[in-house]
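Novice: Turn this into a structure:
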Amino acid sequence: MWSRDMKHIGIVGCSFEGAALCYRTICLEAEPLMGKHAHPEITMHTIPLAEYMVHISDADWKSVAALILRSAQALQRSGADFLICPDNTIHQAFPGVLPDSPLPWLHIAEEVAAAAAELNFRHLLILGTKYLMEGPVYPTKLRSRAIEWEMPPPDERQHINALIFDELVYGRYEESTRSYFKQVIARSKQRGTDAAVLACTEIPLLMGDTASPLPTLDSTRILARAALREAVREEAPNSRLERTR
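Specialist: Presented below is the predicted three-dimensional model:
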């Protein structure tokens with residue numbers, strides 16, 4: 001049931017569609033646990049995606065970290081107890097965030113890796129922006145759990161990236177785009193992967209298990225559920241909370 005002792009969740013937004021899905025998931029899935037109309041206290045702070053893209057495009061992760069910290073500080077002032085970010089790509093800046101963060105975090109790739117391990121998936125396809133697919137965010141977390149992974153080939157990465165930034169972040173979900181993702185996943189299945197990580201927080205709005213040739217790991221909802229568990233947790237804090245120094 002609802003209690004004032006529950007932890008206050010701070011959401012650092014980046015693209016609005018992914019942030020909205022994360023927020024909505026927490027609220028919808030809280031009610032069966034907490035009672036009618038109940039959910040933990042939640043505050044979201046979102047700097048425009050345009051500001052992030054200036055630095056992401058230049059691979060300037062130090063400046064991306066500075067933007068994340070601006071949101072973290074605002075959320076601390078709002079009373080949040082811990083933070084999440086439903087944007088996979090900007091997790092590449094986290095090594096520059098955690099040392100100065102005023103609050104602890106749940107890390108999206110760590111939560112996905114934990115979910116994959118629990119479901120006994122051993123070889124994952126990672127789908128996301130080109131920055132995410134070509135970066136260290138998922139390899140770092142999956143390697144620690146002895147889970148193998150692969151990214152789509154370079155031409156597919158480029159096309160997926162264009163679809164994300166030209167369509168998905170604007171809330172456009174075309175049937176042709178869904179078909180393309182299905183083809184990418186089907187080709188990966190033939191190469192031996194056993195699940196697809198939807199590691200762009202808008203992709204779950206385009207497709208899920210019913211449309212996919214492989215089981216999917218929905219990074220947005222996995223993170224939202226982890227945040228909900230942490231908010232209602234009565235015992236010691238989650239060991240996966242990434243602490244500040």
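
Novice: who's in contact with stretch 218-226?
Specialist: Outside stretch 218-226, the residues within contact range by CB atoms under 8 Å, 6 or more residues apart in numbering are 18, 21-23, 25-26, 29, 84, 86, 88, 106, 108-109, 111-112, 115, 197-201, 204, 208, 238, 240. In short, each C-beta sits where N, CA and C put it, glycine included.

Novice: rerun that using 6 Å as the cut-off
Specialist: 18, 21-22, 25-26, 84, 86, 88, 106, 108, 111-112, 115, 198-199, 201, 204 (CB atoms under 6 Å, 6 or more residues apart in numbering).

Novice: Need phi/psi at I84.
Specialist: phi -140, psi 160 (degrees, to the nearest 10).

Novice: no wait, D87
Specialist: phi -140, psi 110.

Novice: can you list the domains in this protein?
Specialist: What automatic domain parsing lists as the domains of the chain is 9-107+221-232, 109-219.

Novice: and the first one, how far apart are its ends?
Specialist: So the one you mean is domain 9-107+221-232. 10 Å (CA to CA, to the nearest Å).

Novice: swap in the last one?
Specialist: According to CA to CA, domain 109-219 extends 8 Å from its N-terminal end residue to its C-terminal end residue.

Novice: for the spatially most central residue of the chain, helix, strand, or coil?
Specialist: Within the chain, one residue has its C-alpha closest to the average C-alpha position: by CA atoms, centre = their mean, that is P86, at 4.0 Å. Counting by DSSP: H, G, I helix; E, B strand; the rest coil, the backbone at P86 sits in coil.

Novice: cool, and H39?
Specialist: For H39, the secondary structure call by three-state DSSP comes out as coil.

Novice: That one and P32 touch, don't they?
Specialist: No: H39 lies out of contact with P32 (CB atoms under 6 Å); the separation is 10.8 Å.

Novice: For those two, indicate the residue with more neighbours.
Specialist: The residue with more neighbours, out of H39 and P32, is H39; 21 against 9, by other CB atoms under 10 Å.
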